[in-house]
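Student: Here is a sequence with its predicted model. Questions after.
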Amino acid sequence: MSKTVRFATKCIHAGQKPDPVTGAVTFPIYLTSTFVQEAPGKHKGFVYSRTGNPTRTALEENIASVEGGKYGLAFASGLAASNAIAALLKLGDHLIISDDVYGGVYRLINQFLSDWGVKVTQVDAANVRSVKSSLRKETRMIWIETPSNPLLKVIDIKKVAALAGETGAMLVVDNTFASPFLQNPLALGAHIVFHSATKYLGGHSDVVGGLVVNSDESIYQRLKFLQNTFGGVPSPLDCWLVLRGIKTLHVRMERHCHNAKGIAEFLESHRKVKTVYYPGLQSHPQHYVARRQMKEYGGMVSFRIKGGVSQSTGFLKALKIFALAESLGGVESLAECPALMTHASVPTKRRESLGITGDLIRLSVGIEDLQDLQEDLDQALSQAG
């Protein structure tokens, strides 16, 4: 699709021409494991669905267009995508990674990748000087998540990309929290961008998936080889569900952002709340970085409740509209305690040093009525003690 076509149009049409056989507007789900060949080794582009499937190809072309890249690859989960990216590294390579990445990525890097002989340095990447001081001649990859999970740190992608260029390192950006609607890391100098498609791209809490986008053919070919070799690919139905989700990404994200800003402002003035983390607030330490590199500020809000773990547990139990659940980015609002849920795999001392303590609550703000959400939070905070 032409680069001149705007974002909303790409979401709905990129990679998805009407079915040439029936004229169906909605792209078909090709539920097949194998494809007939015209002669041995002669085929129409598809042989076996682990290697390639038309519905998956449509999704891969769609996300590449939406993210402003050349090549897209779909995986069975965000961690399957992360594993393929990590496998670009080899013995002796050095990786710099954000200190408060998602707990599953932390587990992958610290309990698996280190066994390959990859040297890992974790830094507060919101402090660009920390990234610079950690660079080595063998640094091959810098991996950042912005906004970060769960403290919503905002990292200056353009500045970190410039640092990556000093050693020829690849800059990898987890764009899950922002989505392509709010931020396009490739345009800011990143080499690889990836998503847990389970979140805002799918948008309805009914599918698990991962997506990777880049514009360098050699990186793409290696990742495609790893995708086929590891076999962690999504089913055609899962691909179709993510395609369906992306069609409404732009309108959903507008509502997520509107509601999250309203929630953040409400919490910041609440007597039971100690601290609020939201890039759209002027009190956020990287607010001006977010304002420069993001279109809006996202649908995620974290905050600290006064009184500690007992109050956070009471608060979470008292919620009526917000569901107590892991994950994020769906149309429904969710609440969780990262220290006990999404980041429980991070060792306790490490979590606490990062500020991921029992008083920290993470909200995925959905697209319900804002006043209803505020009232639900207010009554739960009141009952928390």
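Tutor: It's in. Numbers count the residues shown, from 1 in each chain.
Student: How far off centre is stretch 39-49?
Tutor: Taking CA atoms, centre = their mean, to the nearest Å, the mean C-alpha location of stretch 39-49 is offset from the chain mean by 34 Å.
Student: First-to-last residue distance for it?
Tutor: Stretch 39-49 stretches 18 Å from its first residue to its last (CA to CA, to the nearest Å).
Student: Buried residues in it, which are they?
Tutor: Phe46, Ser49 (16 or more other CB atoms under 10 Å). Where C-beta positions appear, they are placed from N, C-alpha and C, glycine not excepted.
Student: pLDDT of it, averaged?
Tutor: Averaged over stretch 39-49, pLDDT sits at 88.
Student: swap in stretch 336-348?
Tutor: 87.
Student: Touching it from outside, list them.
Tutor: Contacts with stretch 336-348, where a contact means CB atoms under 8 Å, 6 or more residues apart in numbering, come from 102-104, 106-107, 149-150, 302, 312-313, 316, 324-326, 351, 354, 356-358, 360-362.
Student: same deal with stretch 98-110?
Tutor: 78-79, 82-83, 86, 95, 97, 120, 122-125, 143-146, 148-151, 153, 155, 174, 176, 338, 342-346, 354-356.
Student: Which of the residues you listed fall in helices?
Tutor: Among the contacts of stretch 98-110, the members found in helices (DSSP state H) are Gly78, Leu79, Ser82, Asn83, Ala86, Leu354.
Student: what's around the third one, how many residues?
Tutor: Ser82 is surrounded by 25 other residues when neighbours are defined as other CB atoms under 10 Å.
Student: That one contacts His195, correct?
Tutor: No: between Ser82 and His195 there is no contact under CB atoms under 8 Å: 10.5 Å.
Student: what's the overlap in contacts for the two?
Tutor: With CB under 8 Å, 6+ apart, Ser82 and His195 have common neighbours Gly210.
Student: the helices in the stretch 251-385 of the chain, which residues?
Tutor: With DSSP state H, counting those that start in this stretch as the criterion, the stretch 251-385 of the chain has helices at 287-293, 309-318, 348-354, 370-383.
Student: can you tell me which of those comes nearest to Gln37?
Tutor: Gln37 lies closest to helix 287-293 among the helices of the stretch 251-385 of the chain, at 47.3 Å (CB to CB).
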